[in-house]
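In: what's the 3D shape of this:
(chains A and B)
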Protein chains: 2
Amino acid sequence: MKIDIPKLKQIVGEGNVRDNIADLYVYASDASVHSKLPDVVVRPSSTKEVQEVVRYANKNKIPVVARGAGSGMSGQTVPLSGGIILDMKKMDKIIDIRSQDLLCKVQPGVINDELNRVLKSYGFFFPPTPSSGRICTIGGMIGTNASGNRSVKYGATRDAVLGMKVVLANGDLVTLGSNTKVDSSGYQLARLIVGSEGTLGIVVEATLRISPVPKYRAMGVANFATLRDAGNMISETIASGVTPSMLELMDNVAITAVNNAQNLGLPDVAAIVIFECNGMVKEAVDYEINQIKEISKSNHGTGIKVTDDPDEMVRIYNGRKKLFPSLSKYAEGLYTTALADDMAVPMSKIADTVQKIHEIAKKNNVVMSAYGHCGAGLIHTKILMDTTKKAQWQGAKRAVKEVYEYVQSMGGTTSGEHGIGFSKGQSFKEEKQDSLAMMKAIKKALDPNNILNPNKLMDSPDDWLTATPLRYQVSA
Amino acid sequence: MKIDIPKLKQIVGEGNVRDNIADLYVYASDASVHSKLPDVVVRPSSTKEVQEVVRYANKNKIPVVARGAGSGMSGQTVPLSGGIILDMKKMDKIIDIRSQDLLCKVQPGVINDELNRVLKSYGFFFPPTPSSGRICTIGGMIGTNASGNRSVKYGATRDAVLGMKVVLANGDLVTLGSNTKVDSSGYQLARLIVGSEGTLGIVVEATLRISPVPKYRAMGVANFATLRDAGNMISETIASGVTPSMLELMDNVAITAVNNAQNLGLPDVAAIVIFECNGMVKEAVDYEINQIKEISKSNHGTGIKVTDDPDEMVRIYNGRKKLFPSLSKYAEGLYTTALADDMAVPMSKIADTVQKIHEIAKKNNVVMSAYGHCGAGLIHTKILMDTTKKAQWQGAKRAVKEVYEYVQSMGGTTSGEHGIGFSKGQSFKEEKQDSLAMMKAIKKALDPNNILNPNKLMDSPDDWLTATPLRYQVSA
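Out: This is a model prediction of the structure:
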């Protein structure tokens, strides 16, 4: 690809353009299984610079892939067709905090936990809570419509974005949405941008809805001998009218992995469910946590504990918190891959789905854990396998396909919170087959030269396994 | 316009096509100030029939305006360019209620209160609560992104729609969104359709998120000698961390109108604020209602009452409930017109905005009341005037323009919950000027023949006053 490096340097400054192989290599992969080198990395500092880079790219039909922390699990920021990586991390200002209007305005490079650290001094927080909060950026959260373990109460990023400024493919700057809680002023374009993974425009400012930090918090845990009981406990809790701020499931694979890695001595049961309630009134929090305790009991939960002691709460959540990095310790020689990792199903289908996932894994000779924000219908899985073995990747590919087919047959959806990128392109295209033309029409209308993160979502390659080199050494 | 009436009768049946002048006249206006005859009214009974009618219209470039109850206040269903009115009220089935998954599936002609009547027997409700709930349809609520007096706690229709089936301009049927609480599977197209006022597609089925009915409820009221105090009370309440299920303001014009019409003896103050809290735990509801009581006191509220007695709550809310029909009783010879009727502003700007509205009204020799769901930043106004006088309409036109200019200068938005139609087209186009091209590009991509509710939103005529005949007799 012919890219005018001096021109880019002129726009963003000499030090903010990188095209040596070592730098490009860093930007070739994210937290997905894929790897593909960009042609150049550009780090803009202002909206104006973003506009100029995009205008140049559009004129010359060069792909532009906006990137935050690169913590995406589905290849969103892997530059499938090369081109420019637009690293947005320098645009990291918190522009305004207006607690009396319950909103803040930020640049896209602001890191989630950093925003919450600042908001805390005002008594507020930004509700979406991705596990990657320590590193992930608001821009990335908007791109993927991220949520996390508090989505059961607070919803996802799409529910917390009031408005935004976006640079379109032609370089134009548009202001979408509003500063108000309700807004019926025409097309909800801000909500179209959320979850569009950088394919329709590049967010350069976001107006976010913030919430007052609850004063009280309590947590509980229950163990279940069967997934069916755990699933029933989850759907009954949700339908009972209590609103937990967290309702997390860990299956036996997850429990074993955490025990192996951290020696926490979690019980060897089919599932552990951790629940949390929060609010401004102690009586209400106590009532809710005890309601969930009773529902756990009536669904044969054992070892039930509820507490509002901060240390005890840390201990209860410790296993779940350390789950992701522990997964690779499930068994010698198995590594964690972000595959089929965040499907959502209707609440009543959780037990069936988790059970089916284990069957599918076994059949295809890989290991799959299931855990996640089940109170929001969100099931995380990872595939644990010997990543050096070609046969394991073939098994993983079959397992992924079968899992998604099952999820769709249950009325579920391919991605609950991580987005599609191209790892999940095949299932996504299957699930959305009747609206692919509508997506493509919108994409073409807003990005006629197809420069913004091309070949993702509805334009993904059919086979994720061969779409790029893997970022693993596969020997045989 | 040449429309093949026999062809339409063949599709939907003889009795479901009307083109006599008396029927057309009924469908010429909604709750806005406008009036324009359609060429024909068609009442489909099924998705298939909707598809066939739309396919015929698309082939022959005939406008199609989908209509529910016709309770829209901004001309959404007034057929500006004639053509086919698609009356969706026959498609009124509740298809499925799945309380364990917190969702229901309905056809677009289901009436809001009827849905809630049925859901109540399951212990659930659909949160958006438009004042027109007794007649308005779910399809209309989706079209306008309706909300109502509970939006302060539960959000708007956009927050409560999980998925939908939509007939596009070419007659294709697409399934958008999902059955799950979280959903990061690509473009949030269901959320693009919410608020699009029938210009991008026709909703033929909706999957709605439902909530458990709260067990407890309490209400309070406070009077304020100044709008400033009332406004401060509202924004302090919202920022305090309590979540009222209702936070309503009535200004002095509204109070006077209700007293004149209903003889309720409400106090002659600058503003009355009514607040409600609900939940599953009495202690929490009591705590919240008392918090708001304290905030009212510290902002110089008087006559403060809080109660959980059902009869007393009915009495407190009575004035607000009867407000809209009472407005015409503010003074002899003044009639209520739905103009500039639902702007939203950041919470901290409510007092300033209400004050400014009164100044603008006075200056232009009309009367404007201000009231509404101020806890969500929503201010309702109506213009009260002698609708027979041409000069009054000119004054109203100037007032509307000045109000919107002020709202925009405060960082507010043209419509908070009623939508744009074409009554608010001018302000909308002013407010959204930098994204009009984006809206038009999406519209063109999805409806290249411009048959779906043409000349609304970004394509509105510039002057609402001359866009159609008024549905009032104007003598001089």
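
In: regarding residue A:247, what is its secondary structure?
Out: For residue A:247, the secondary structure call by DSSP: H, G, I helix; E, B strand; the rest coil comes out as strand.

In: what's the burial count for it?
Out: Neighbour count for residue A:247, taken as other C-beta atoms under 10 Å in any protein chain shown: 29. (Glycine included, C-beta is placed from N, CA and C.)

In: with residue A:145 instead?
Out: There are 29 residues near residue A:145, going by other C-beta under 10 Å.

In: just the pLDDT at it, thanks.
Out: Looking at residue A:145, its pLDDT stands at 98.

In: please apply the same query to the one 4 residues further on.
Out: Residue A:149 is assigned a predicted lDDT (pLDDT) of 94.

In: and the one 10 residues further on, by the same measure?
Out: Taken from the predicted model, the pLDDT recorded for residue A:159 is 96.

In: repeat that for residue A:262.
Out: Per-residue pLDDT puts residue A:262 at 87.

In: one more: the one 10 residues further on?
Out: Model confidence at residue A:272, given as pLDDT, is 97.

In: find the nearest non-adjacent residue to it, please.
Out: Distances taken as C-beta to C-beta, 6 or more residues apart in numbering or on different chains place residue A:250 nearest to residue A:272, at 4.7 Å, with adjacent residues excluded.

In: so that neighbour, which state does it fall into?
Out: Going by three-state DSSP: residue A:250 is strand.

In: likewise for the one 3 residues further on?
Out: Going by three-state DSSP, the secondary structure assigned to residue A:253 is helix.

In: so it versus chain B, what's the distance?
Out: The spacing between residue A:253 and chain B, counted by C-beta to the nearest C-beta, to the nearest Å, is 22 Å.

In: okay but that residue is in contact with residue A:369, surely?
Out: Yes - shown here, residue A:253 and residue A:369 form a contact pair, counting by C-beta atoms under 8 Å, at 3.8 Å.

In: mutual contacts of those two, please.
Out: A:330, A:384 (C-beta atoms under 8 Å, 6 or more residues apart in numbering or on different chains).

In: compare these two and say which is more crowded by neighbours.
Out: Taking neighbours as other C-beta under 10 Å, residue A:253 and residue A:369 compare with residue A:369 leading, 29 against 22.

In: how about residue A:212, phi and psi?
Out: Phi and psi for residue A:212, reported as degrees, to the nearest 10, are phi -70, psi 140.

In: quick check: residue A:247 touching residue A:288?
Out: No - between residue A:247 and residue A:288 there is no contact under C-beta under 8 Å: 11.2 Å.

In: domain assignment for chain A?
Out: Taking automatic domain parsing as the criterion, chain A consists of the domains A:5-87, A:94-212, A:216-421+A:454-470.

In: distance to residue B:423 added to the ones you listed, as a markdown table?
Out: Converted to a markdown table, those look like this (distance: least, C-beta to C-beta, whole Å):
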| stretch | distance to residue B:423 |
| --- | --- |
| domain A:5-87 | 34 |
| domain A:94-212 | 13 |
| domain A:216-421+A:454-470 | 36 |
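
In: out of these, which is closest to residue B:142?
Out: domain A:94-212 (11.2 Å; C-beta to C-beta).

In: pLDDT weak spots in chain A?
Out: Scanning chain A for pLDDT under 70 picks out A:476.

In: how many residues are close by the residue nearest to residue A:243 when sequence neighbours are not counted?
Out: Using C-beta to C-beta, 6+ apart and skipping residues adjacent in sequence, the residue nearest residue A:243 is residue A:153, 5.2 Å away. By other C-beta under 10 Å, 20 other residues sit near residue A:153.

In: keeping just the C-alphas, turn the helix or strand containing residue A:153 into PDB.
Out: Assigned by DSSP states H and E, residue A:153 falls within helix A:151-154. The C-alpha trace of helix A:151-154 is given here as PDB (Å, rounded to 0.1, in the frame of the first residue of the first chain):
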ATOM      1  CA  SER A 151     -24.800  -4.800  33.400                       C
ATOM      2  CA  VAL A 152     -27.500  -6.800  35.200                       C
ATOM      3  CA  LYS A 153     -28.400  -3.600  37.000                       C
ATOM      4  CA  TYR A 154     -27.000  -0.700  34.900                       C
END
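
In: when you scan the helix or strand just after it, is anything in it near chain B?
Out: Downstream of helix A:151-154, the first helix or strand assigned by DSSP H and E is strand A:161-167. No - using C-beta under 8 Å from any C-beta of the partner chain, strand A:161-167 stays clear of chain B, with a minimum separation of 8.7 Å.

In: which SS state does the residue most central in space within chain A fall under?
Out: By C-alpha atoms, centre = their mean, chain A has its centre lying nearest to residue A:418, at 3.0 Å. The three-state assignment at residue A:418 reads coil, by three-state DSSP.
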